[in-house]
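Participant: Any chance you can model this:
(chains A and B)
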Amino acid sequence: MRLGADAIKMVLVFGQRELDLYAYNLEIVATSIQEAHRLGMPVMLETVLWGITSTKEEMASVEVLRHMMRIAVELGADILKAPFVGTDDEFAEVVRWSPVPVTVLGGQTRPEFDSVVEGARRSASLGARGIVFGRNVWQRPDLAAAVHALQAAVHGCEH
Amino acid sequence: MNTGVQIRMSRLFNAATGKSVIVAVDHGIEGVPRGLEDPRQKVQGPVGRPKQRSIDGSLR
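Facilitator: Next comes the predicted model:
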């Protein structure tokens, strides 16, 4: 807070083999959210399937995403960061279901920036409240142009 | 939602569109990634200080 942050971001890791580790992650996130809220600080929670038992099918599953998001919301997350999963209709339904804003992650850098911008526009038009992109922005040669293109796509959509 | 959270949330989402563009200046799980060798220099380029600040501490 002394540095002027407007939020903190944490990760909730699913698919771990060791349940003690999972429980520890839940506890740390839950207590951190409580403390952040006590200080008036919002928390963005990213639900990830980084555990060793995670499968490709689970990573592409709307139901699994919704399950993880539900847990994140119940822990007190103010903003969710999630991958774009499923069809447009399925993703839009998940976003509508969420009681807190859903933002979409960027993932690995894609070679074609046009597809990155289109993905941002598509997510926003389906109801996502924004994007949280990293590598797909700062690994571009022209950072300013990348940011401006994404701002136009997200803020210019009609949803 | 308490007042502090509300105020800070309003800084993250554009009042007119209700949407947000956040650049996550971090990717800590793979060491120092290409493009973020000097994060301070990276964000002090033509973009300048963004209106909607990144929530990531590496900017500081």
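
Participant: Local confidence estimate at A:Lys56?
Facilitator: The model reports A:Lys56 with a pLDDT of 89.

Participant: how close does it get to A:Met69?
Facilitator: The gap separating A:Lys56 from A:Met69 is 19 Å, by Cβ to Cβ, to the nearest Å. The way it works is simple: take the backbone N, C-alpha and C, and place the C-beta from them, glycine included.

Participant: ok, now A:Ile52?
Facilitator: Computed as Cβ to Cβ, the A:Ile52 to A:Met69 distance reads 22 Å.

Participant: repeat for A:Pro42
Facilitator: For A:Pro42, the distance to A:Met69 - Cβ to Cβ - is 16 Å.

Participant: repeat for B:Val5
Facilitator: Plainly put, B:Val5 is 19 Å away from A:Met69 if you go by Cβ to Cβ.

Participant: Those two - which one has more neighbours?
Facilitator: Neighbours were counted for B:Val5 and for A:Met69 using other Cβ atoms under 10 Å in any protein chain shown; A:Met69 has more, 24 against 18.

Participant: For the more buried one, which three-state class applies?
Facilitator: Under DSSP: H, G, I helix; E, B strand; the rest coil, A:Met69 falls in the helix class.

Participant: Now for it: which residues touch it?
Facilitator: By Cβ atoms under 8 Å, 6 or more residues apart in numbering or on different chains, the contact set of A:Met69 is A:Thr47, A:Leu80, A:Ala82, A:Val94, A:Ser98, A:Val102.

Participant: just curious, which of those residues is nearest to chain B?
Facilitator: Distances from chain B to those, taken as Cβ to the nearest Cβ, are shortest for A:Val102 (10.9 Å).

Participant: surely that closest one meets A:Leu80?
Facilitator: Yes: at 4.8 Å, A:Val102 counts as touching A:Leu80 under the criterion of Cβ atoms under 8 Å.

Participant: Can you report how many residues neighbour the residue lying closest to A:Thr47 once chain neighbours are set aside?
Facilitator: Nearest residue to A:Thr47, sequence neighbours excluded (Cβ to Cβ, 6 or more residues apart in numbering or on different chains): A:Met68, at 3.6 Å. Applying other Cβ under 10 Å, we find 23 residues neighbouring A:Met68.
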